Structures are given as C-alpha cells and as structure tokens.
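K.L.:
need coordinates for the below:
(2 chains)
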Amino acid sequence: MIRRLLANRRYMREHRWTHAHLSEYVDEELLPDDVARVKAHVGICPHCRRVLATLRRTLDGLRSLREEPTPGVADSVIDRLRHEP
Amino acid sequence: MRPAPAEPEAALVERAQGGDRAAFEELVRRHADHLYSVVLRFVADRGAAEEVTQEAFLRAWRSIGRFEGRSRFFTWLYRIGINEAKRRAARQPPATVVSLDDEPIPEAPDWSEAPETRLRHNDLRRLLEDTIRALPIEYRTPIILRDVEGLTTQEAAEVMDVGEAAFKSRLHRARLAVRRALDEYFLEEEE
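P.N.:
The predicted model follows:
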C-alpha cells in the first residue's frame, strides 16, 4: 500500500516536471540527464506523449508562418530619416 | 571586379555613433525588412507596420549614442521596434484573448499524425495567426520571436530583456495555449 502510494507520488512528480519541460526537450536545450528523465516519463505516460507529439506539430505550424522579409521597407525608412532634422 | 566585403556591423555602429548617417543607413538596409516582419505580427496592417519600423529606426538613430554594445545591435533594435509596436497595439487590443490553459482537451482527436496538408491549410494558418494575436502580449512576444521568426532562445530573451529561465517559461505557456487552440480546431473539424 505504502509502496504504491510512493510510486504514485513519484509518477505525479515526474509528470509535472516533464509537462513543464517539454518545450526545452523539443528545443534540445535540456542536459543529457534531463533528456533521459523526459524520455523515461513519456514512455509510460500517454498524456505527456500526446502533448509532446501535438506540441511538435504546433511548432511545425508556427514555423510555417515565417515569411520572407518584405523588400523595400529600407528605402522608406531611409527616406524618412533623411527628412528628419 | 569582386564586390567589397561587407563592413562588420560593430564598425558601422561605431561610425553611426560618431554621427555618420551613411553608416546608419547601411544598418537600416541590413535590418529594416526583418524588423518590419516582426512588427507586422503585433500591429493590424502593413501600413502601421511600416510606420512603426520607421519610428523604431528614428528612435534608434537618436539614441545610438547610448547603445553600449552589451547586446548585439539587432537585439537592441528589435527591442525598440517591439516596444513601439506594443504601444501601437495597445490602442487596438484584440477582441478576444486566448486563455493560457495548458491542458489538452480530453475529447479532442489525436491530430499528431494529421497529414501535412491539413496542418498547412489556409484556415489553420489563419487560426494560428489569430491565436497568436489573441495571446496576452507578454506571451505573444516569445512565440513570435522564437518560433515564427526563428531567433535563438538567447537572442529572443535578450530582445525581451528578461532572463532565459523567465523567457522559456513564458514561451512554453504560450506554445501550450496555441497547442490547445489546435485541439479545439480539430475537435470542431471532427464534429
């Protein structure tokens, strides 16, 4: 009974920690030990697995919004600068 | 004849600090288009974005003497531009504000395997843009700088003038809020 309670408490601690660090995991900004910690929890937690997979797709969508810079703005800025005292 | 190599940015900044307009105009040519793209994410239209970009460079020119070189020139410039854009955006706040709820919607379908074409659909693109615009401003900025514009964490935190830990925390909450908005989108699409 106590063992199960402790295991449950550890699971929830890892769950909260993983949930809070998924972005850093995706961005490859975690230390190797922390990467292993995320992988271990995601391996046993369907909730975090789903959030991770859909977070990756979200980032794909956000990156697809990136546009080539609009050329021509520099000329209008320079024009205005030249008319300022 | 080979073109002359581009002058290093630090040298241009130093010359501009000495009052050399031509050097500052070269900095404008290097950064204006990118700054405009960033500003456009904060304001309502292209005309306003162009005005804000002009205003940001004017401010930068007037205060370049105070630039101490502790950060890169473009992060300092972006900070000026974003502050200007925020001032402008505050006059026209978004009609709806996205909740920062970070939990998945239990009944939403699993869209992690949705085909690429569905994720790049125009409706979805609009949804992402509207969701970003409806985020509270302190969460909108990290997602625009890091995910849409592709700055590194360090550069984006520098632009926002916050520590990397605080930046990462805001970025994560913003991403989870957008992820949840996509849960809602795919749930509605399924119904």
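K.L.:
near chain B, which residues of chain A show up?
P.N.:
A:19-20, A:22-24, A:27, A:29, A:47, A:50-51, A:53-67, A:69-74, A:76-78, A:80-82, A:84 (CB under 8 Å from any CB of the partner chain). The way it works is simple: take the backbone N, C-alpha and C, and place the C-beta from them, glycine included.
K.L.:
looking at these, which are in strands?
P.N.:
Among those, no residue falls in strands (DSSP state E).
K.L.:
filter those residues down to the buried ones, ChimeraX style.
P.N.:
To isolate the buried members of the residues of chain A next to chain B in ChimeraX, using 16 or more other CB atoms under 10 Å in any protein chain shown:
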select /A:19,22,23,24,27,50,51,54,55,57,58,59,61,62,69,73,74,76,77,78,80,81
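K.L.:
below-threshold pLDDT in chain A: ranges please.
P.N.:
Along chain A, segments meeting pLDDT under 70 span A:85.
K.L.:
residue boundaries of the helices in it?
P.N.:
A:2-26, A:32-44, A:46-64, A:73-83 (DSSP state H).
K.L.:
buried residues in the first one?
P.N.:
So that's helix A:2-26. A:14, A:18-19, A:21-26.
K.L.:
which strands and helices sit next to it?
P.N.:
Packed against helix A:2-26 by the contact rule (3 or more CB pairs under 8 Å, 6 or more residues apart in numbering or on different chains; DSSP states H and E) you find helix A:32-44, helix A:46-64, helix B:164-190.
K.L.:
after the worst-scoring helix or strand of chain B on mean pLDDT, next one along is what?
P.N.:
Within chain B, confidence by mean pLDDT, DSSP states H and E is lowest for helix B:116-119 among all helices and strands, at a mean of 60. Tracing the chain past helix B:116-119, the next element assigned as helix or strand by DSSP states H and E is helix B:122-133.
K.L.:
does the following helix or strand past that following helix come close to chain A?
P.N.:
With elements assigned by DSSP H and E, the helix or strand that comes after helix B:122-133 is helix B:137-142. No - using CB under 8 Å from any CB, helix B:137-142 stays clear of chain A, with a minimum separation of 10.1 Å.
K.L.:
after helix B:137-142, which helix or strand is next?
P.N.:
Assigned by DSSP H and E, the successor of helix B:137-142 is helix B:153-160.
K.L.:
average model confidence for that following helix?
P.N.:
Average pLDDT, helix B:153-160: 95.
K.L.:
now what about it, what contacts it?
P.N.:
Helix B:153-160 has contacts (CB atoms under 8 Å, 6 or more residues apart in numbering or on different chains) with A:27, A:29, B:71-72, B:75, B:78-79, B:82, B:141-142, B:145-146, B:151, B:163-164, B:166-168, B:171.
K.L.:
relative to helix A:2-26, how tilted is it?
P.N.:
Interaxial angle, helix B:153-160 versus helix A:2-26 (axes from the mean of the first three to the mean of the last three CA atoms, to 10 degrees): 80 degrees.
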